[in-house]
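Participant: sequence-free structure coming up:
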């Protein structure tokens with residue numbers, strides 16, 4: 001179920017790695033924003049600025065916030081595999097990625 005808020009939609013995406021919490025807003029080519037190590041702070045003005053020209057996807061990393069963490073996930077490499085599955089679940093063929101600190 002998606003919850004519409006000002007400027008973005010909040011939902012949970014089911015992927016092979018589990019359920020990931022997602023904030024999504026804007027229109028245009030897709031941009032995936034990966035948050036830093038303190039968690040997803042919510043829909044930031046930076047995301048709203050990006051959303052003027054792009055569809056912005058801001059998931060919470062597996063194990064952060066409302067996102068599930070698979071038991072097998074132990075490393076950043078495992079997280080990359082999880083995001084590969086997540087992008088596949090969203091059916092995104094090509095996208096840009098913005099990584100903030102740990103997310104980079």
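Facilitator: Looks like it came in fine. Since this is a predicted model, take the numbers as computed values, not measurements.
Participant: how close does residue 16 sit to residue 82?
Facilitator: 9 Å (Cβ to Cβ, to the nearest Å). Glycine gets a C-beta too; all of them are placed from N, C-alpha and C.
Participant: Residue 72 too?
Facilitator: Counting by Cβ to Cβ - residue 72 and residue 82 are separated by 10 Å.
Participant: Then residue 43?
Facilitator: Counting by Cβ to Cβ - residue 43 and residue 82 are separated by 22 Å.
Participant: which of these two has more neighbours?
Facilitator: Set residue 43 next to residue 82 and count neighbours by other Cβ atoms under 10 Å: residue 82 wins out with 25 against 20.
Participant: what's the neighbour count on the residue lying closest to that one once chain neighbours are set aside?
Facilitator: In this structure, residue 82 finds its nearest non-sequential neighbour in residue 17, 4.2 Å apart by Cβ to Cβ, 6 or more residues apart in numbering. For residue 17, the neighbour count with other Cβ under 10 Å is 22.
Participant: and residue 17, what does it touch?
Facilitator: 62, 68, 70, 73, 81-82, 85-86 (Cβ atoms under 8 Å, 6 or more residues apart in numbering).
Participant: Please report how far it lies from residue 44.
Facilitator: 25 Å.
Participant: May I ask which helix or strand encompasses residue 31?
Facilitator: Secondary structure assignment for residue 31, by DSSP states H and E: strand 29-34.
Participant: Got the confidence number for the residue nearest to residue 82?
Facilitator: For residue 17, the model assigns a pLDDT of 82.
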